[in-house]
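>>> just to be clear, the model below is a prediction. Sequence and coordinates:
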Amino acid sequence: MAHDTALSGDNAAYLEALEGFLPPQVPARSIFNPAAAATGDFDAADRQAKVSRLINSYRVRGHDAARVDPLGLEAGKPHPELDPAYFGLSAADMDVKVSTVPMYGMPEHATVRQVLDRLRAVYCGSVGVEYMNIRDTAQKHWVVEQFERRFERPALDREGELRALDLLTRADGFERFLGVKFQGNKRFSLEGGESLIPLMDMVIEESARNGVREVVIGMAHRGRLNVLLNVLRKPPAKMIAEFAGQHDAPSEGSGDVKYHLGYSSEYVTRHGGSVHLALCFNPSHLEAVNPVVVGRVRAKMDRVHDSERRSGLALLIHGDAAFAGQGIVPEVLNLSDLPGYRTGGTVHIVVNNQIGFTTTPTEGRSTPYSTDVARMLGVPIFHVNGEDPEAVAEVVRIAVEWRNKFARDVIIDMYCFRRHGHNETDEPAYTQPIMYRRIAEHPGVREGYLRRLIQKGSITREQADKLEADFRAELDGALRHVKESNGRPPVASAMQHLWAHYHGGMHDIVDTAVPSGRLSDLLRALNQVPAGFNLHPKLARSVYKLREEQAAGNKPIDWAAGELLAYASLVSQGHRVRLSGQDCGRGTFSHRHAVVRDQTTGAAWCPLQHIDSRQAPFDVFNSLLSEGAVLGFEYGYSLDYPEALVIWEAQFGDFANGAQIIFDNFISSGEAKWNRLSGLTLFLPHGYEGQGPEHSSARIERFLQMCAEGNMQCVNATTPAQIFHLLRRQVMRKVRDPLVVFTPKSLLRTVSSPLDDLARGGFQELIGDGVGRKRVVLCSGKVYYDLLAARGSRDVALVRVEQLYPLPLDALRAELARHPGAEVIWCQEEPKNMGGWPSVAMWCLEAGIMLRYAGRKASAAPATGYMDRHLAEQAQLVEDALG
């Protein structure tokens, strides 16, 4: 009891808190001296408690005093809790021996001064670390031990030192070469952040040692050219040719600027292994490529059945201002531990220039660090001085080991600077005069590290000069080669590897029908549940009973059955199906029920995963409440799984505008800019049922506005047979263009197709109606059924344009020829400035087809929020169309 008495007050409270942080084998009370307490030496016990609190404070706050800024601009007052006096330790205590528990890497006992020196060396040197946000105790203990023991082995051996110097020489030399030979060209230089190159090299090397065979890299424009040359080893002549205006882009399409281009290569490690590297193409929209990268890695893992997520790595390079400012960053971080999106941990590298264009950190974020948004994950965040390559190496080793052990994200925040302005023609001193005076005086990362190595005896100045001269000779030789080629651009690469059998733009015809007997078998398979499974009574009555009737041929196929039969038939033929989106397992409108739950146990059952023993996988994932990150992920997935049906479903079509960057800059234009195909399918619920401005329109007009050069397909199908054949066509033909499907809402329960319509025929881009009518009304989607209900005996043909793009003009001309002299009207539910009218009218006019409009007048909002007004408008547009 004497020991407990000695630990009264603040120390007793601290002891209780400490119990949860110490390693399991070290009881908190063991850090105190029971013998001293038993003999009444309360001063020693009190001092020991203060030292333990000091140790904990450095673990929590040490990063505040770390020397991570190579410019010294961030040097300020250290945190008061890092001062021993804050805990009552005086100069008289400094040479008294105490227990070093819970510190790692020290003798069991040392003086207070030695403990303090060690704490400052570990936590306040070139690396600061945040890990107290890690909730898992075992993970937290692991990081503490690795970080505090990191000095027990050298960060780099001599070979590693020379490799780092060589990479810094190449990074620095390439930027200088371009600055001299191509003055005035934008290149978004890496100068000041050259340590990114050895950092990435170390991440790839360490990851390869842990079994990684594929690395997908995403980054913005700064330093991208340097990464292409010195990490992916893109040939110098090819890069210089791009500066000289020689492009290997296809003759059709727009191409893109050189600092947006991607590349892939085989990387040979120091130990003779091989890693495939792929740098993703990306637009100027900062951080937008992040989910694309992670989706690609997941697809690569799924291809090789890597359920442990060991074979691939997503490596994301961020800017400090973008990491703090772009909303897609936390969205992607939030994907990291979700079952449908997990990739075994992303390595995030923040190239921290300490400036965003002209905006300072105090103007650009409300947090101390640009990385604070990542604290929500409970993963380690390392802040490292980019001027210290050996500190970078220490961090990389721990970061990669963390990912390998725990399969979780990790953040490396590399502090550096930006030698020039936002681009090389910009004058940064207008807005940052003090920073750029300091930068002008800075010798550069390579020179600083070289001086250290010369002092250490690892290399001589003459040897280093030869490294520099040899690399400059390599670049000069590449430039001569480009000049001697007389401006002939290299031949554009054709589709390769996975994509060798696919193409875009030209549409081939395939047979999508499935024999009726097989369809009945698939319906029965969709109805199977495990023995003793307690299905919800309403599902048993309204869905499973209906499927029995459909399988027997007694009931027609509804929308849900048509959709599920498409999936079932595809997986049974060996095609993977992946469906992802908000609430897509059940479906927003409770129609799909791809996953059902036992009403007693809550256990999930997905019949599409049990069609037969040889089927391909069927995956359905309810996503987080995000559009941009999830759509970007699925687009990335589709890039590395062309033979799969990959679907993203919006909760409502209106909500897709939360992912507009992905639509604009990847899905609609990726083929034109980068020659990259994608077969991604989008489900966007659309239809006017009086639900108001935000639950009616999937903004058809926006997608049609992006359509050109055969870049994607836009469809508004009206029957279950149509969706069945459409989804099968998307996978079975060799065309790989994105497919945008404006899916129904109210029609999910009101439309049907005979089973025979699935067993014969195919997707009809246009559905005609009769012959010799006086008026032809062209329409698309749900409004057809409103028109049909009101037509009565009027002499009007209702022609459904099921595919809005590419508009089937030949089929349309043939259909109109069946109604000679008829007035042709376009009818739609959407306002005149929205929907299909603006684009369809233009295309028809160019084809010599004259249309009259029937529909809502132009409007700022897509729909009214009042039911009575909606019904009046709907009745009027139907009457206007039918006359």
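Structure's in. What do you need?

>>> low-confidence stretches in the protein?
Under the criterion of pLDDT under 70, the regions of the chain flagged as low confidence span 1-41, 75-77, 247-254, 256, 258-259, 486-496, 506.

>>> now the residue nearest the centre of it: closest residue in space that isn't a chain neighbour?
Most central residue of the chain, judged by C-alpha distance to the mean C-alpha position with C-alpha atoms, centre = their mean, is residue 291 at 0.7 Å. Nearest residue to residue 291 in three dimensions, chain neighbours excluded: residue 632, at 3.1 Å (C-beta to C-beta, 6 or more residues apart in numbering). C-beta: built from backbone N, CA, C; applies to glycine.

>>> check for me that the residue nearest to the centre of the chain belongs to a helix.
Yes: going by DSSP: H, G, I helix; E, B strand; the rest coil, the assignment for residue 291 places it inside a helix.

>>> residue 200 versus that one, what's the distance?
Distance check for residue 291 against residue 200: by C-beta to C-beta, to the nearest Å, it reads 20 Å.

>>> ok, now residue 508?
Taking C-beta to C-beta as the measure, residue 508 and residue 200 are separated by 41 Å.

>>> ok, these two, which is more surrounded?
Under the neighbour definition other C-beta atoms under 10 Å, residue 508 and residue 200 were set side by side, and residue 200 has more, 25 against 10.

>>> buried set for the helix or strand harbouring that one?
In this structure, residue 200 sits in helix 196-209 according to DSSP states H and E. Judged by neighbour count (16 or more other C-beta atoms under 10 Å), helix 196-209 contains these buried residues: 196-208.

>>> and for stretch 597-606?
Taking 16+ other C-beta under 10 Å as the basis for neighbour counts, the residues of stretch 597-606 that come out buried are 597-598.

>>> span of it from start to end?
9 Å (C-alpha to C-alpha, to the nearest Å).

>>> repeat for stretch 622-633
Distance between the two ends of stretch 622-633: 13 Å, counting by C-alpha to C-alpha.

>>> what does stretch 478-497 give?
End-to-end distance for stretch 478-497: 28 Å, by C-alpha to C-alpha.

>>> what's the answer for stretch 691-704, then?
Between the opening and closing residues of stretch 691-704 we find a distance of 23 Å, counting by C-alpha to C-alpha.

>>> centre of the chain to that stretch, how far?
Per C-alpha atoms, centre = their mean, to the nearest Å, the displacement of stretch 691-704 from the mean C-alpha position of its chain is 25 Å.

>>> neighbours of residue 511, how many?
Applying the criterion other C-beta under 10 Å, we find 13 residues in the vicinity of residue 511.

>>> surely it and residue 760 touch.
No: with contact taken as C-beta atoms under 8 Å, residue 511 and residue 760 are classed as non-touching, separated by 9.8 Å.

>>> circling back: quick one: the residue nearest to residue 291 from residue 638, how far?
Counting by C-beta to C-beta, the gap between residue 632 and residue 638 amounts to 11 Å.

>>> higher neighbour count, those two?
Set side by side, residue 632 and residue 638 show unequal neighbour counts under other C-beta under 10 Å, the larger going to residue 632 at 31 against 27.

>>> and the host helix or strand of that one, what does it pack against?
In the assignment (DSSP H and E), residue 632 maps to helix 628-639. Contacts of helix 628-639 with other secondary structure elements, assessed using 3 or more C-beta pairs under 8 Å, 6 or more residues apart in numbering; DSSP states H and E, are made with helix 290-303, helix 328-335, strand 577-581, strand 645-649, helix 660-662.

>>> so which of the ones you listed gets nearest residue 347?
Each of these has some distance to residue 347 by C-beta to C-beta; the shortest is helix 290-303, at 11.0 Å.

>>> enumerate every residue touching residue 227.
Applying C-beta atoms under 8 Å, 6 or more residues apart in numbering to residue 227 gives the contacts 190, 196-197, 200, 217, 219, 279, 317.

>>> doesn't it fall inside a helix?
Yes: per three-state DSSP, residue 227 lies within a helix segment.

>>> ok, residue 715 - contacts?
Listed by C-beta under 8 Å, 6+ apart, the contact partners of residue 715 are 726, 739-742, 802-804.

>>> where along the stretch 101-250 of the chain do the helices fall?
Assignment of helices within the stretch 101-250 of the chain using DSSP state H, counting those that start in this stretch yields the ranges 112-123, 137-148, 158-181, 196-209, 224-230, 236-243.

>>> any idea how far the first one is from the middle of the chain?
Centroid separation for helix 112-123 versus its chain: 41 Å, with C-alpha atoms, centre = their mean.

>>> which strands or helices does that helix pack on?
Helix 112-123 makes packing contacts with helix 42-61 when contacts are defined by 3+ C-beta pairs under 8 Å, 6+ apart.

>>> circling back: now distance to residue 377 too, for the buried residues of helix 196-209, in JSON lines please.
Supplementary listing: those in JSON lines, determined by distance: C-beta to C-beta, whole Å:
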{"residue": "196", "distance to residue 377": "23"}
{"residue": "197", "distance to residue 377": "27"}
{"residue": "198", "distance to residue 377": "26"}
{"residue": "199", "distance to residue 377": "21"}
{"residue": "200", "distance to residue 377": "22"}
{"residue": "201", "distance to residue 377": "26"}
{"residue": "202", "distance to residue 377": "23"}
{"residue": "203", "distance to residue 377": "19"}
{"residue": "204", "distance to residue 377": "23"}
{"residue": "205", "distance to residue 377": "25"}
{"residue": "206", "distance to residue 377": "21"}
{"residue": "207", "distance to residue 377": "19"}
{"residue": "208", "distance to residue 377": "25"}
